[in-house]
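*Asks:* Pasting the sequence and the predicted coordinates here, then a few questions.
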Amino acid sequence: MIRHTAPVAVLLALLVCSASATADNLLDIYRLAQIEDRQLRAAAASLEAVREVIPQARSEYLPSIVAGANVAQNYQKPEGFDSEDFNSNGLSLSLLQPVFDRAAWLRQGQASNFVKQAEVSFTFEEQDLIVRSSQLYFAVLNSLVDLKAILADKEATARQLEQTKQRFEVGLIAITDVHEAQARYDRVVSEEIITRNRLDSARESLRVITGQYHDELAELADEVALTKPEPDVMEDWVAQATEGNLTLLAAQYNVDVAHDEIEIRRSDHYPTVDLFARYDDSNTSSAFARDLNSSRIGLELNLPIYTGGLVSSRTREAESRLVEANELYEQQRRFVEQQTRDAYRTVIASISAVSALQQAVVSNQSALDAIQAGFDVGTRTIVDVLDAQRDLFEAERDYDVARHAYVLSTLSLKQAVGTLDLGDVEEANRLLK
């Protein structure tokens, strides 16, 4: 379907066929990113930190036991008696067991919601790593496609420049044709420099998440089946997203946490009841005091009567935070719906674009053949030939980029509904050579 001259074919072979058994594929990149990506590792550490709020909340309803000891050297002079130096020491053991503390009890439920939110957020980070890895992977491939087009254009333009010079030397064309061919060649050389720089930047971005450079990446196979999303109804995907999108679930847990906080603040109006027990053993060498052993056990009730309006203020603050959380949830819900529709439309558009660009490659090849034939007989100019060559190379580039966009949009759609996982990476990886 796409025809190149021998030098161009060799050049493309060096670029395209380098994706061999030694080339890294998408699955390789993702697995390496799972280990090396600092954003994901930071998210994992954050999750472990948040999980500690559960034992911390539970500890508020568990007994606390405190042991104490003291040793002292004392001096005293009782009225009417001689002064005395003496030593004293003591041991103590106390226990406090909350019996009723509404706020502490509610904080356990709030801690559970905190952890659920953190777990959902971490799962989102795992999905986001799939998308980021894929985007950076195909960004490198897109840069390689750009470079392929530039190098093919450069090779063809150099050949046309040489032929133009030969024709000028034998008097078949004017010097202006030579100047035009030279100008086009110089422009292609400058574009090559810019494109190589973009490729280096893309590879550098990929290194950020994998920790190493990747000189060779597997490309998409020549024939890739492009299938529409299933179900083939956009609003069905939107409905799935409102149920399973991870950022939306995290926003819902944030609402739950805010609701818990209101009840916790209101609990500061409630009494607390604690069971306490204490044992003391004190010893002294004083002639005026005796050793003492004592123990106590009982219940203590504390009832807040007035706190200067602090409890009411904190409750109003928590109520406003709940309104804020609900508004953020609604904002996120709308964004998720938009994101899902955009991803669905992009998948459909990518399929149509690939089909149209595939035909565009064929049409541009035919146009180039016709223009080249016209140039050979003097009815078309060298500029016409060079423009036709560039149109062909750009069509080939756009065709490959559109295929890459299809893969990425499919992954983005699955992320939007919250189902993206390793299986989707493996499925995308099977589309590579």
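*Replies:* Sure thing, it's come through.
*Asks:* When you work out contacts or count neighbours from here on, use the C-alpha atoms and nothing else.
*Replies:* OK.
*Asks:* how about the helices in this protein?
*Replies:* For the chain, the helices defined by DSSP state H occupy 6-16, 26-36, 38-51, 53-59, 102-169, 175-210, 234-244, 246-266, 310-376, 382-416, 422-429.
*Asks:* Lowest mean pLDDT across the ones you listed, which one is that?
*Replies:* Within the helices of the chain, the stretch with the lowest mean pLDDT is helix 6-16, showing a mean of 47.
*Asks:* Quick one: the helices of the chain as CSV, columns for mean neighbour count too.
*Replies:* Shown next, in CSV, are the helices of the chain (neighbours: other CA atoms under 10 Å):
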stretch, mean neighbour count
helix 6-16, 14
helix 26-36, 19
helix 38-51, 16
helix 53-59, 15
helix 102-169, 21
helix 175-210, 17
helix 234-244, 18
helix 246-266, 22
helix 310-376, 18
helix 382-416, 22
helix 422-429, 15
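*Asks:* Same list, these, but as JSON lines with distance to residue 280 please.
*Replies:* As requested, the helices of the chain are exported to JSON lines (distance: least, CA to CA, whole Å):
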{"stretch": "helix 6-16", "distance to residue 280": "84"}
{"stretch": "helix 26-36", "distance to residue 280": "55"}
{"stretch": "helix 38-51", "distance to residue 280": "38"}
{"stretch": "helix 53-59", "distance to residue 280": "25"}
{"stretch": "helix 102-169", "distance to residue 280": "29"}
{"stretch": "helix 175-210", "distance to residue 280": "60"}
{"stretch": "helix 234-244", "distance to residue 280": "59"}
{"stretch": "helix 246-266", "distance to residue 280": "36"}
{"stretch": "helix 310-376", "distance to residue 280": "37"}
{"stretch": "helix 382-416", "distance to residue 280": "63"}
{"stretch": "helix 422-429", "distance to residue 280": "62"}
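*Asks:* out of those, nearest to residue 298?
*Replies:* Evaluated over the helices of the chain, closeness to residue 298 peaks at helix 102-169, with 20.1 Å, by CA to CA.
*Asks:* Quick one: list the elements packing against the closest one.
*Replies:* helix 6-16, helix 26-36, helix 38-51, helix 53-59, helix 175-210, helix 246-266, helix 382-416 (3 or more CA pairs under 8 Å, 6 or more residues apart in numbering; DSSP states H and E).
*Asks:* quick one: the nearest residue to residue 380 once chain neighbours are set aside from residue 387, how far?
*Replies:* Excluding the flanking residues, the one nearest residue 380 by CA to CA, 6 or more residues apart in numbering is residue 374, at 5.1 Å. From residue 374 across to residue 387, the span is 14 Å (CA to CA, to the nearest Å).
*Asks:* Just to check, residue 431 is in contact with residue 222?
*Replies:* No. The pair residue 431 and residue 222 fails to qualify as a contact (CA atoms under 8 Å) at a distance of 9.2 Å.
*Asks:* higher neighbour count, those two?
*Replies:* residue 431 (17 against 9; other CA atoms under 10 Å).
*Asks:* Could you give the backbone dihedrals for residue 78?
*Replies:* Recorded main-chain torsions at residue 78 are phi -60, psi 150, according to degrees, to the nearest 10.
*Asks:* any idea how far it is from residue 85?
*Replies:* 12 Å.
*Asks:* And these two? Which one has more around it.
*Replies:* residue 85 (12 against 9).
*Asks:* Leaving out sequence neighbours, find the closest residue to the more buried one.
*Replies:* residue 75 (4.6 Å).
*Asks:* Ok, residue 295 next?
*Replies:* Per CA to CA, 6+ apart, closest to residue 295 is residue 279, 4.2 Å.
*Asks:* which residues does that neighbour bridge with?
*Replies:* residue 93, residue 295 (DSSP bridges).
*Asks:* who are the neighbours in contact with residue 33?
*Replies:* Taking CA atoms under 8 Å, 6 or more residues apart in numbering, we find residue 33 in contact with 129, 133, 209, 210, 211.
*Asks:* Can you lay out those as CSV showing distance to residue 291?
*Replies:* Below are the contacts of residue 33 laid out as CSV (distance: CA to CA, whole Å):
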residue, distance to residue 291
129, 69
133, 74
209, 69
210, 70
211, 69
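*Asks:* Now flag whichever of the residues you listed is closest to residue 235.
*Replies:* residue 129 (26.2 Å).
*Asks:* Verify the contact between the closest one and residue 43 for me.
*Replies:* No. If you go by CA under 8 Å, residue 129 and residue 43 don't touch, sitting 11.2 Å apart.
*Asks:* and for these two, which residues touch both?
*Replies:* Common contacts of residue 129 and residue 43 (CA under 8 Å, 6+ apart): none found.
*Asks:* And the residue nearest to residue 380, how close does it get to residue 52?
*Replies:* Distance of residue 374 to residue 52, computed by CA to CA: 77 Å.
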